[in-house]
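Novice: this one's structure only:
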């Protein structure tokens, strides 16, 4: 597995370009199945080289995300974020390879951002969701310190990839319902 240092190489001592790719490797600790009854996106903890990191609090709007449309990520955590911290949102085919799309940004101290440090960490990040034809794909959100090359927190979710088993109602053919076999008029 690749080390997350790659994410910080992109951010260190340079302005943050909006389209630069965030290179990181993450793996899902707890695979969270999409629940039909609860449609909000479920975020799980992630690991890098076996180390589990604190979970970021994330809500997204719209939820679920719409490809090609603007989205808002509300990101929070119970820790302090400083001037050398960067946030990256990455869209992945799988978590063993670099992201297909990456959206890095500073979180404080730059023009238009709050003063550093931020505690507790709260950040609103707006992006345009890329068009991804894969099913499933993954979204990872990572907050880290570029000076020490450490991760403060992260979160990951899987988008798509559900089967009929994960959506019980989808596996029932309509002909199996008793009402479908009753003659209407005899």
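Specialist: Perfect, I can see it now. What you are looking at is a predicted structure, and each value in this text was computed from that prediction instead of being measured.

Novice: Residue 96: neighbour count?
Specialist: Residues within reach of residue 96, counting by other CB atoms under 10 Å, total 11. (Glycine included, C-beta is placed from N, CA and C.)

Novice: So it versus residue 142, what's the distance?
Specialist: As judged by CB to CB, to the nearest Å, residue 96 and residue 142 stand 16 Å apart.

Novice: Same question for residue 50.
Specialist: 16 Å.

Novice: Residue 110 too?
Specialist: Taking CB to CB as the measure, residue 110 falls 18 Å from residue 142.

Novice: same question, residue 39
Specialist: Counting by CB to CB, the gap from residue 39 to residue 142 is 25 Å.

Novice: Which one's more surrounded, the two?
Specialist: The residue with more neighbours, out of residue 39 and residue 142, is residue 142; 27 against 10, by other CB under 10 Å.

Novice: these two touch, right, residue 107 and residue 80?
Specialist: No. Between residue 107 and residue 80 there is no contact under CB atoms under 8 Å: 10.8 Å.

Novice: Over to stretch 61-74 now: how far is its first residue from its last?
Specialist: Using CA to CA, to the nearest Å, the end-to-end distance of stretch 61-74 comes to 8 Å.

Novice: Buried ones in that stretch, by neighbour count?
Specialist: Neighbour counts over stretch 61-74 (16 or more other CB atoms under 10 Å) mark 65, 71, 73 as buried.

Novice: Show me what the last one bridges to in the sheet.
Specialist: In this case it means residue 73. Residue 73 forms beta bridges with residue 60, residue 125, as assigned by DSSP bridges.

Novice: For it, list the residues it contacts.
Specialist: Contacts for residue 73 (CB atoms under 8 Å, 6 or more residues apart in numbering) come out as 58-60, 89, 124-127, 141.

Novice: before we move on, the earlier item: could I get the buried residues of stretch 61-74 as CSV with distance to residue 159 and pLDDT?
Specialist: Below are those laid out as CSV (distance: CB to CB, whole Å; pLDDT from 0 to 100):
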residue, distance to residue 159, pLDDT
65, 7, 95
71, 12, 98
73, 14, 98
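
Novice: out of these, which one sits closest to residue 154?
Specialist: Nearest to residue 154 among the buried residues of stretch 61-74: residue 73, at 12.9 Å, using CB to CB.
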